[in-house]
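Chemist: Here is the input, now give the coordinates:
(chains A and B)
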Amino acid sequence: MKLIEILQKSIEKNQLSNAFCINNTYYTYKNFAQIISNVRYSLQESTKETNLHIGLITNDDIETYASIMALWLEGKAYVPINPETPISRNNSIIEQAGISTILDSSKTTGAFDHLTLRTSGLKNENINLSAKTFPKENLAYILFTSGTTGIPKGVPISFFNLSEFIQAFWDLNFNLNDEDRCLQMFELTFDMSVFSFLPPLLKGACVYTIPKDKIKYSYIFELMDDYELTFVSMVPSILHYLRPYFSEINCPNLRVSVFAGEALPLDIVEEWSKCVPNAAIANAYGPTECTIVCTNYTYTSLGDLKSYKGILSIGKDMLNTKTIIIDETMEEVSTGESGELCLSSTQLSLGYWKNEEKDKEVFFFKNMNDKKTRFYKTGDLCRKDSEGNIFYLGRIDFQAKIQGFRVELAEIEHHVRVYLKKTNTVALAFTNSINNTEIGLVLESNKFDTNPLLAYLKTMLPSYMIPTKIEFTEIFPMNINGKTDRKKLLELF
Amino acid sequence: MERTTIIEKIKITLTHVLGHENFELTDDLTAKDVDGWDSLSHMMIITKIEEEFKITFKLRDLNKLNNMGSLISLVQSKL
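Modeler: Numbers count the residues shown, from 1 in each chain, chains lettered A, B, ... in the order given. Prediction:
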């Protein structure tokens, strides 16, 4: 596998440079190589070659990143498991992915001890970074995202997908190099984390992470300022948090500032660009199914910013992706008209993890220039201008993005109904006073104490899916089609 | 302003933002110990405290807030 060989060579070549800065501690590529080798040895000792999908507790430390590398050198996939996510949800992931080994760097015991392979405090083994030979169809990771039926759904990404993504990333010409200092602000269950650590490691750059107990937005600023970061990728919601403090931010060393995961408003980007006067700003887009991001819009001056209704364009197709916009009859719409964005790409996952029903719903074939081409329906409502710039208009279904995390509102409703039994409920995404998205819940009922309900939800859902506001209404309003009028309910927030 | 008055005002702000008062304002209380105190509510708590005391924090101040004791001292230093 070429990609993994390049990774191996980069780690070997940059021995004396810093690979990571975690909680103000530097780790050189040599330190990193040592820890990778230790984890790899332990992995080889205790797992079978056929055991390909390995759980990974997502801690913020060098062992956790080394574990990913060790697995990849072995041709194995990691399945990230966030220790702060409710155990019932993690159990569902472990069961679905058929996980029998979990790598964990924690020093204390956890919930999955019977499956755990400890990765901290291992004794030093001979350094061994030579990548094993394995087929490119092997999986690099499986990420589980919110599912409408109440069960998280798995998105498997192969080494082939990943290496196609990396090729498209280089084509964006950010010119990442061994002097770059790069931000990694993402939870490892979110694929933008791969975007933030893999390209830097392939070029011998240094990756700066955020300790889990820190408030992200203020810590990001300190990293940018103290360590003069040169390359940062963030979700737009971080900008909304930082906005009141923009006058304090001046980072002339920043070369590239990438946004992804949520819609990026034009006005805030214009203000941000004054904080990072020398940075190229990029707005990237892509669902997990298409390996991190697959369209991008980079600009270097504010002159002619392409936007629609105050939202910045998500740009054009990246190297290995072809996008089309279709109507309800699955036909392409004309330029400028809105429809559902569909992707065809070598970055596209082969399908959901053991979920053929969902596959049938969102993957389809269409003849393009007499060639049968596989597409993925994103659920995103978009339009394209005559130059091929894509503009995001909203969702066609009930999916929301909370700080970049995908949330199926139906999944929240499902768990509320399980708990309350007969009460009608609607979960909604609303925009709060600083323009970030929050989840509101409306219950068709007289007022009651919702603390037990919230306590129950916290045992079933990750924290970003817990409603932050709850409203009551006696009867849900109907729209002209006789459906619950969600727009009307949204006015409650 | 008396330290106890500051604590009392912070308590009212916290209760208002978080919607509950299941916490005790000791010096070593951290966000982790309090239900619902995450990035989002942190931002709101900070903004409300700024309004309440008519002070403004610097971005750098925010990272020094390791616990309730440091928040109270920071507020005190700005008054």
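Chemist: name the element residue A:154 belongs to?
Modeler: strand A:153-158 (DSSP states H and E).
Chemist: What strands line up against that strand, and which way round?
Modeler: In the sheet, strand A:153-158 lines up against strand A:139-145 (antiparallel) (DSSP bridges).
Chemist: Dump the strand holding residue A:154 to PDB, restricted to CA.
Modeler: Provided in PDB are the C-alpha atoms of strand A:153-158 (Å, rounded to 0.1, in the frame of the first residue of the first chain):
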ATOM      1  CA  LYS A 153     -24.600   3.500  11.200                       C
ATOM      2  CA  GLY A 154     -21.100   2.600  10.200                       C
ATOM      3  CA  VAL A 155     -19.200   4.200   7.300                       C
ATOM      4  CA  PRO A 156     -16.300   2.100   6.300                       C
ATOM      5  CA  ILE A 157     -13.400   3.800   4.500                       C
ATOM      6  CA  SER A 158     -10.800   1.800   2.700                       C
END
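Chemist: Identify the residues contacting that strand?
Modeler: Strand A:153-158 is contacted from outside by A:77, A:93, A:96-97, A:136-147, A:191, A:288-289, A:291, A:349-355, A:358, using CB atoms under 8 Å, 6 or more residues apart in numbering or on different chains. Where C-beta positions appear, they are placed from N, C-alpha and C, glycine not excepted.
Chemist: what about stretch A:218-232, near chain B?
Modeler: Yes - remark: stretch A:218-232 sits within contact range of chain B at A:218-219, A:221-222, by CB under 8 Å from any CB of the partner chain.
Chemist: Check which helices and strands the longest helix seen in chain A is in contact with.
Modeler: Under DSSP state H, the helix in chain A containing the largest number of residues is helix A:29-46. When contacts are defined as 3 or more CB pairs under 8 Å, 6 or more residues apart in numbering or on different chains; DSSP states H and E, helix A:29-46 sits against helix A:2-13, strand A:18-22, helix A:62-73, strand A:116-118.
Chemist: Quick one: distance of the strand holding residue A:154 to the chain centre.
Modeler: 12 Å (CA atoms, centre = their mean, to the nearest Å).
Chemist: again, but for stretch B:12-19
Modeler: 10 Å.
Chemist: Of all the residues in it, which ones are buried?
Modeler: Residues of stretch B:12-19 classed as buried: B:13-14, B:17-19 (neighbour count, 16 or more other CB atoms under 10 Å in any protein chain shown).
Chemist: Please apply the same query to stretch A:173-181.
Modeler: Buried, per 16+ other CB under 10 Å, within stretch A:173-181: A:174, A:176, A:180-181.
Chemist: so residue A:434 makes contact with residue A:239?
Modeler: No - here residue A:434 lies out of contact with residue A:239, judged by CB atoms under 8 Å, at a distance of 9.8 Å.
Chemist: who has more neighbours, the two?
Modeler: The residue with more neighbours, out of residue A:434 and residue A:239, is residue A:239; 24 against 15, by other CB atoms under 10 Å in any protein chain shown.
Chemist: Am I right that that one is in a helix?
Modeler: Yes - using DSSP: H, G, I helix; E, B strand; the rest coil, the assignment for residue A:239 is a helix.
Chemist: re the thing from before, so which residues make contact with the helix or strand just after the longest helix of chain A?
Modeler: Once the chain leaves helix A:29-46, the next helix or strand it forms, by DSSP H and E, is strand A:53-57. Strand A:53-57 has contacts (CB under 8 Å, 6+ apart) with A:43, A:47, A:64, A:67-68, A:71, A:76-81, A:83, A:94, A:97-99, A:101-106, A:110, A:112, A:115, A:139, A:142, A:188.
Chemist: What of stretch A:457-474?
Modeler: Contacts of stretch A:457-474 (CB under 8 Å, 6+ apart): A:82, A:84-89, A:146, A:402-403, A:405, A:407, A:411-412, A:415-416, A:419, A:427, A:430, A:438-447, A:450, A:454, A:489, A:492-493, B:38, B:40-41.
Chemist: so how far is chain B from residue A:446?
Modeler: Distance of residue A:446 to chain B, given as CB to the nearest CB, to the nearest Å: 19 Å.
Chemist: show me the contacts for that residue.
Modeler: By CB under 8 Å, 6+ apart, the residues touching residue A:446 are A:472, A:474.
Chemist: what helix or strand does it sit in?
Modeler: Counting by DSSP H and E, residue A:446 is found in no helix or strand.
Chemist: Chain A contacts on chain B?
Modeler: B:20, B:31-32, B:38-43, B:47, B:58-60, B:62-63, B:65.
Chemist: ok, residue A:287 - contacts?
Modeler: Neighbours of residue A:287 in contact, by CB under 8 Å, 6+ apart: A:343, A:376, A:378.
Chemist: Narrow these to those in strands?
Modeler: Among the contacts of residue A:287, the members found in strands (DSSP state E) are A:343, A:376, A:378.
Chemist: wait, which of those is closest to chain B?
Modeler: Distance to chain B across those (CB to the nearest CB) is lowest for residue A:378, with 26.5 Å.
Chemist: tell me the contacts of the residue lying closest to residue A:228 once chain neighbours are set aside?
Modeler: Once flanking residues are discounted, residue A:228 sits nearest to residue A:253: 4.1 Å by CB to CB, 6 or more residues apart in numbering or on different chains. Taking CB under 8 Å, 6+ apart as the criterion, residue A:253 is in contact with A:228-230, A:278.
Chemist: what secondary structure does residue A:253 sit in?
Modeler: At residue A:253 the chain is in coil, as set by three-state DSSP.
Chemist: Which residue ranges of chain B form strands?
Modeler: In chain B, no strands are defined using DSSP E.
Chemist: Now do the helices in it.
Modeler: Applying DSSP H to chain B gives helices spanning B:3-18, B:39-53, B:59-63, B:68-78.
Chemist: Can you say which of the ones you listed is nearest to residue A:333?
Modeler: Among these, the nearest to residue A:333 by CB to CB is helix B:39-53 (37.1 Å).
Chemist: who does that closest one touch, helix- and strand-wise?
Modeler: Secondary-structure packing of helix B:39-53 (3+ CB pairs under 8 Å, 6+ apart): helix A:216-226, helix B:3-18, helix B:68-78.
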